[in-house]
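Undergrad: Whatever this is, show me its structure:
(2 chains)
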Amino acid sequence: QKEVEQNSGPLSVPEGAIASLNCTYSDRGSQSFFWYRQYSGKSPELIMSIYSNGDKEDGRFTAQLNKASQYVSLLIRDSQPSDSATYLCAGFSGTYKYIFGTGTRLKVLA
Amino acid sequence: DAMVIQNPRYQVTQFGKPVTLSCSQTLNHNVMYWYQQKSSQAPKLLFHYYDKDFNNEADTPDNFQSRRPNTSFCFLDIRSPGLGDAAMYLCATSSTSGGEQYFGPGTRLTVT
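TA: Numbering: from 1, shown residues only, chains lettered A, B, ... in the order given. Predicted coordinates for the structure are as follows:
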């Protein structure tokens, strides 16, 4: 069973701090990884995609991929209360199938 | 703006009464997906289309059917909704296999 695992949280960080969200995956064949933000009652919104080992930065967000250790992380710098949401990690496992984690709930405290 | 649109946003149906949810996209993506998401759970893939090729997940109940009459539209039919089918139904698209996947706003289904 291919799985993506995330700590459910909540992860609480003060406003302005760096939030670090982590995800591990079981399928070594996974090539593409994605981070989504999901506000309560809303649909997932794509934040970052990462396809190769290393870091990828986009504004306040940095995604990190380590295929040898099978983990993906998302760093959010200068966290804002509006960043409070559930963050879903997803990996592409082939044949059009994306495997999602259950998400980490982030709370940014003003 | 290119986007994925779902209608209705909220749907209330009675136990056993058929319901159809719709999805349209202006992204011109080849692949369209239907997911079911319940509270605090990961989105669960029900099926997907690559162009007109339909792919059903092994554990998707027979109660759920889908149609894709053209590139832009996709429908989810629930033939006899049960209380356990109450959930958020998400449509998503991607241009390629393994590429970025974009979600519509979802349809919240309530079964009474």
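Undergrad: Kindly report the residues of chain A close to chain B.
TA: A:4, A:8, A:31-32, A:34, A:36, A:41-46, A:49, A:88, A:90, A:92, A:94-98, A:100-103 (C-beta under 8 Å from any C-beta of the partner chain). Any C-beta I mention is one placed from the backbone N, CA and C, and that applies to glycine too.
Undergrad: Please produce a ChimeraX select command covering the buried subset of these.
TA: Those of those that count as buried under 16 or more other C-beta atoms under 10 Å in any protein chain shown are selected in ChimeraX with:
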select /A:4,32,34,36,43,44,46,49,88,90,92,96,97,98,100,101,102,103
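Undergrad: among the residues of chain A next to chain B, which are in helices?
TA: Using DSSP state H, no member of the residues of chain A next to chain B sits in helices.
Undergrad: Pull up the residues of chain B that are close to chain A.
TA: Residues of chain B lying near chain A (C-beta under 8 Å from any C-beta): B:31, B:33, B:40-43, B:45, B:48, B:50, B:55, B:88, B:90, B:94, B:97-106, B:108.
Undergrad: Look up the closest residue to A:Leu21, ignoring the ones flanking it.
TA: Taking C-beta to C-beta, 6 or more residues apart in numbering or on different chains, and ignoring the residues beside it in sequence, A:Leu21 has A:Leu74 as its nearest neighbour in space, at 4.5 Å.
Undergrad: Surely the one you found and A:Trp35 touch.
TA: Yes - with contact defined as C-beta atoms under 8 Å, A:Leu74 reaches A:Trp35; the gap is 4.7 Å.
Undergrad: so how many other residues sit close to residue 29?
TA: Because you didn't say which chain, this covers chain A. When counting by other C-beta atoms under 10 Å in any protein chain shown, one arrives at 10 neighbours for A:Gly29.
Undergrad: was after chain B, sorry
TA: Count around B:His29 with other C-beta under 10 Å applied: 21.
Undergrad: now the end-to-end length of stretch B:34-47.
TA: For stretch B:34-47, the first-to-last residue distance is 6 Å (C-alpha to C-alpha, to the nearest Å).
Undergrad: in chain A, which spans are strands?
TA: Using DSSP state E, the strands of chain A run over A:4-5, A:11-14, A:19-25, A:32-38, A:45-50, A:54-58, A:61-66, A:71-76, A:85-92, A:98-100, A:104-109.
Undergrad: Between those strands, which one is closest to B:Ile78.
TA: For B:Ile78, the closest of the strands of chain A is strand A:98-100, at 21.5 Å, according to C-beta to C-beta.
Undergrad: picking up where we left off before, buried among the residues of chain B next to chain A? Need that as a selection in ChimeraX.
TA: Entered in ChimeraX, the line below selects the buried ones among the residues of chain B next to chain A, by 16+ other C-beta under 10 Å:
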select /B:31,33,42,43,45,48,50,55,88,90,94,98,99,101,102,103,104,105,106
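Undergrad: Please narrow the residues of chain B next to chain A to those residing in strands.
TA: Short answer: those in strands (DSSP E) are B:31, B:33, B:45, B:48, B:50, B:55, B:88, B:90, B:94, B:101-103, B:108.
Undergrad: ok, those vs B:Asn7, which is closest?
TA: Nearest member of these to B:Asn7, counting by C-beta to C-beta, is B:Arg108, at 12.1 Å.
Undergrad: tell me which residues form a beta bridge with that closest one?
TA: According to DSSP bridges, the residues that bridge with B:Arg108 are B:Tyr10, B:Met88.
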